[in-house]
Structure formats: structure tokens, C-alpha cells
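Asks: one predicted model, sequence on top.
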Amino acid sequence: MEFHQPTTLDDALTLLAADPEALPLAGGATLVAMLNAELIEPSALVSLGGICELHTIEATPEGGLRLGAMLSHATLASEARLTGGNAVVRQAAAQIAHPAVRNIGTLGGAVAHGDPSSDLPAALVAADAVIEVAGPSGRRSIAAEGFFEDYLTTALEEGEMVAAVILPPQPESAVGHYEKFARVHGDYATLSVAVVLAMASGKCSHVRIALGAAGATPVRVVVAEARLIGSSLDAGAISEAAALLTAASDPVDDVRGSADYRLMLVPRLLTRALAAAGGAP
């Protein structure tokens with residue numbers, strides 16, 4: 001197996017295009033585990049560690065943030081600029097596995113892997129993030145909600161990689177919260193709820209909700225959010241929204257919980273998440 005260490009994104013893309021069996025190496029949290037389990041046998045690894053642009057955090061002209069794909073989960077978890085609604089991303093990153101994993105795992109690696117039980121996909125959908133993808137034909141932007149297509153399947157095409165995640169400016173007074181239920185600390189979620197919520201005069205003026213580990217991709221239901229808009233987030237409104245989210249979910253049975261158990265958690269975790277985001281009646 002060959003090992004390459006390019007210093008620019010263009011050089012990395014050229015190396016990947018020249019060898020269809022080569023794979024990009026970010027933090028290696030997932031890729032190395034798959035190598036050790038002999039699930040993949042790449043002809044070469046293209047390290048992204050030396051590409052400076054992938055390690056940066058920059059303000060966008062619109063007032064949001066551009067997060068480079070090589071930022072570690074630990075960096076995101078301590079990033080002071082992830083405030084307001086975008087705090088949902090910081091909170092999700094802080095709940096990924098354990099410190100050792102958060103120190104090596106990267107934003108781009110987690111996004112590209114597309115595991116619906118991991119923490120960041122739901123948080124990015126709730127934050128209305130955009131995934132910036134780079135490939136042989138240039139760069140393109142894909143809404144996070146459309147980027148995750150199925151279990152471990154994303155909108156990345158051959159030769160493409162995640163370059164950055166763009167977080168938009170959130171509504172004024174918006175608060176982000178990530179509520180995770182897991183068997184033990186550091187485990188994948190049995191179910192998670194990511195929320196970005198804004199209240200005005202005691203009424204919900206903005207809300208985006210995404211469930212993690214509730215289906216093949218993060219589950220977002222626009223009509224469930226619409227039911228909460230204009231409400232005081234009373235028990236009836238939350239119950240109706242939860243029922244719509246539950247109906248749209250299709251979780252699996254596994255060691256972390258049965259599908260029925262996961263569905264039972266939806267209204268409970270949604271209530272907790274909304275209350276934590278400042279929407280308690």
C-alpha cells in the first residue's frame with residue numbers, strides 16, 4: 001500500500017483521480033478500523049493532514065461559519081464561535097465517543113461516512129448546514145438534508161471528498177441543543193434529537209428538528225416543525241409533532257435497542273430537547 005502526503009487539496013484530488021482504489025485518510029477513526037477488520041483493501045492512502053485549508057474555521061460573508069473538513073471533534077466541541085443555533089453542532093461533537101476518539105476523528109470523516117447513528121449528521125441537518133464537496137470537476141455545495149442518502153451512503157460521487165461544512169447564520173435568539181440517549185457514556189446513540197429553536201414573546205418562531213438513529217438518514221419532518229410554529233410548545237403541540245416524527249421514522253432493531261423502543265423515546269427526548277433549548281412552557 002502506498003502512502004501520500006499532499007499539501008494542497010488539488011494535489012490530493014489528483015492523486016485520488018489517478019488511482020480509483022486509493023482512499024483519502026482524515027483522522028482514521030473509521031478508516032483504520034475498517035482496514036484492521038479487512039473490510040477494505042485500498043491500493044493507497046492519501047493523507048489529508050497536511051492540507052492547511054482543511055484545518056481552518058472562517059466566517060462567511062453571510063455571517064455563518066465555514067468549518068474545514070479536517071477539524072477534529074475535540075476542536076468543534078470547544079469552539080467558542082459555535083453559539084446560538086449552531087451550538088447544536090458543538091454539543092453533538094462533545095458527545096462523540098471518548099476523548100481519544102474526539103482528538104483524532106474529524107468532521108469530514110464523520111460526514112463522509114454517513115452513519116445515521118453517529119452524532120454529527122442529525123446536528124448538521126438541524127442546523128441547516130451545507131456540505132462543500134471537492135472533486136475532479138471542481139466544488140459543489142449540497143444541503144446536509146440531501147447529502148445523507150441511505151445507511152453509510154452519501155451524495156459523494158467517485159473521486160469526491162468533503163472539503164468543508166458551511167453553517168448558516170441562525171435566527172436571532174435561536175438556541176441549539178443536542179439530546180442523546182445511549183446505553184453507556186461514549187456509545188452510539190440509541191436515539192438522538194437535534195434541535196434549533198427560537199422563541200418570540202413566548203411563542204415558537206423558528207424550529208428545525210432532526211432525529212438520529214431513527215432511520216437510514218437523519219429524520220426531519222417539516223409538518224412536525226410547522227405544528228410547533230406559533231405554539232407555546234405546550235404538551236399537546238409537542239405530542240402532535242412527536243407523533244409525526246415517529247410516523248416518519250424507521251429505526252432498526254440492534255443491541256442498542258429495538259425499533260419499538262427507539263420509537264417510544266421520540267416524544268420523551270423531543271420534550272427534553274425543546275425544554276433545554278428554552279422552550280419549556
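Replies: Arrived safely. Residues are numbered from 1 along each chain as shown.
Asks: what residues does the helix or strand of the chain with the lowest mean pLDDT touch?
Replies: Within the chain, confidence by mean pLDDT, DSSP states H and E is lowest for helix 31-36 among all helices and strands, at a mean of 90. Helix 31-36 is contacted from outside by 23, 25, 40, 42, 45, 109, using Cβ atoms under 8 Å, 6 or more residues apart in numbering. Backbone N, C-alpha and C define where each C-beta goes, glycine included.
Asks: hang on, isn't the third one packed against Ala22?
Replies: No. Ile40 sits out of contact with Ala22 when judged by Cβ atoms under 8 Å, with a separation of 11.3 Å.
Asks: looking at those two, which one has more neighbours?
Replies: Ala22 (20 against 10; other Cβ atoms under 10 Å).
Asks: just want the phi and psi numbers for the closest residue to that one other than its chain neighbours.
Replies: Leaving aside its sequence neighbours, Ala22 sits nearest to Ala44 (Cβ to Cβ, 6 or more residues apart in numbering; 4.0 Å). Main-chain torsions, Ala44, degrees, to the nearest 10: phi -160, psi 150.
Asks: ok, Ala247 next?
Replies: phi -60, psi -30.
Asks: just give me the neighbour total for it.
Replies: Residues lying near Ala247 (other Cβ under 10 Å) number 12.
Asks: repeat for the one 3 residues further on
Replies: In terms of burial, Asp250 registers 13 neighbours under the definition other Cβ under 10 Å.
Asks: select the longest helix from the protein.
Replies: helix 259-274 (DSSP state H).
Asks: contact partners of it?
Replies: With contact meaning Cβ under 8 Å, 6+ apart, helix 259-274 is reached by 177-179, 181, 190-195, 197, 209, 211, 213-214, 228, 233, 238-239, 241-243, 245-246, 249-253, 257, 280.
Asks: let me know the average pLDDT across it.
Replies: Averaged across helix 259-274, pLDDT comes to 98.
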